[in-house]
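> Coordinates for the following, if possible.
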Amino acid sequence: MIKLIRLEWKKNNILKSIRNAAITTAVLLVFMLMTAGELETQETVEMYGKGMLDSSIALFVHMSYIVFTGVMIAAYIVGAYEKKTMNLMFSYPIERKRIILAKVSAVWIFNFLAMVTSKIVIDVALVLSKSFMGITAQSIPIGELSFWLDIVLSSAAMVSISFIALPIGLKMKSSKAAIVASVLIVCFTQGNIGGATLVNSIPFYGILLVAAVVSVYLSIYNIETKDLL
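Below you'll find the predicted structure:
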């Protein structure tokens, strides 16, 4: 399986994805540096009882990488069907399920590591710059274990949720549909209507995680006998 995952990264030019992830992180960092002074001053902490900086970082990183994951799903899996390269891969003496799972794993692992890295880089950079940015950074407790655990768990959840776009792209036989679905997932999970929002709703995320697992299962359960798209 590890060899198959590495093969997927090599075929799809993982260095390009690393470059794009680095650019995404850099853009988000610049944006957060520009807005941090307004999000978490001593006055806002006293007014709201907590800082808004950490939650804002999580929001924008989640939004960016849900779409990033959707783009990679479109390129690695749905695009392989569109370009008929999946026909060649299924001719190998390897179970089709293993091939699809390798693609899914390649996308999941990369985006999980990229999201975790992005959060850490932005959080640490903001904490180190707080002395000259005029922010308190109280909501970024990098010295607490729970803070790091939340980064890992929330990143795993967000990347997993992104795979709800997979069966949509396969069903519609369109990479664009997978990307649009990922954008809709962002709107549904990270947006708000008035004061109502589903962000940080553990029951809601639990339901979406189940939906993501079901989505991957539906994409591979009969792949051994199903005709190619």
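
> other SSEs contacting the helix or strand where residue 102 lies?
Taking DSSP states H and E as the criterion, residue 102 maps to helix 96-128. On a contact count with 3 or more Cβ pairs under 8 Å, 6 or more residues apart in numbering; DSSP states H and E, helix 96-128 meets helix 2-11, helix 14-39, helix 53-73, helix 145-162, helix 202-220. No exception for glycine: its C-beta is placed from N, CA and C like everyone else's.

> residues of it that come out buried?
96, 99-104, 106-108, 110-112, 114-116, 118-119, 121-123, 126-127 (16 or more other Cβ atoms under 10 Å).

> Comparing the helices and strands packed on helix 96-128, which comes out most buried?
helix 53-73 (a mean of 23; mean count of other Cβ atoms under 10 Å).

> Quick one: name whatever helix or strand follows it.
Past helix 53-73, the next helix or strand by DSSP H and E is helix 79-82.

> Only alpha carbons, please: show that following helix as PDB.
C-alpha atoms of helix 79-82 as PDB (Å, rounded to 0.1, in the frame of the first residue of the first chain):
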ATOM      1  CA  GLY A  79      -9.900  12.700 -13.200                       C
ATOM      2  CA  ALA A  80      -8.400   9.300 -13.600                       C
ATOM      3  CA  TYR A  81     -11.800   8.000 -14.700                       C
ATOM      4  CA  GLU A  82     -12.400  11.000 -17.000                       C
END
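
> any idea of the mean pLDDT in that helix?
The pLDDT scores in helix 79-82 average 84.

> moving C-terminal of that helix, what's the next helix or strand?
That would be, after helix 79-82 and using DSSP H and E, helix 85-89.

> tell me which residues in that next one are buried?
Buried, per 16+ other Cβ under 10 Å, within helix 85-89: 86, 89.

> and if you look at stretch 167-182?
By neighbour count with 16+ other Cβ under 10 Å, stretch 167-182 contains the buried residues 167-170, 174-175, 177-182.

> Which of these fall within helices?
Using DSSP state H, 167-170, 175, 177-182 are the members of the buried residues of stretch 167-182 that sit in helices.

> Find the residue closest to residue 59 in space, skipping its chain neighbours.
Spatially, and ignoring its direct neighbours in sequence, residue 59 is nearest to residue 190 (5.9 Å; Cβ to Cβ, 6 or more residues apart in numbering).

> Give me the pLDDT value at that neighbour.
Looking at residue 190, its pLDDT reads 70.

> quick one: low-confidence ranges for the chain?
36-51, 130-139, 191-202, 224-229 (pLDDT under 70).

> among the helices and strands packed on helix 96-128, which is nearest residue 89?
With respect to residue 89, and counting by Cβ to Cβ, the nearest of the helices and strands packed on helix 96-128 is helix 2-11 at 9.5 Å.

> Contacts made by the closest one with the rest, please.
With Cβ atoms under 8 Å, 6 or more residues apart in numbering as the test, helix 2-11 has contacts from 76, 94, 98-99, 102-103, 105-106, 109-110.

> What's the separation between residue 117 and residue 164?
Separation of residue 117 from residue 164 (Cβ to Cβ, to the nearest Å) stands at 23 Å.

> again but with residue 32, I slipped
Distance of residue 32 to residue 164, computed by Cβ to Cβ: 27 Å.

> How about residue 205: what's its closest non-neighbour residue?
In space, residue 205 comes closest to residue 157 once its chain neighbours are excluded; the distance is 5.5 Å by Cβ to Cβ, 6+ apart.
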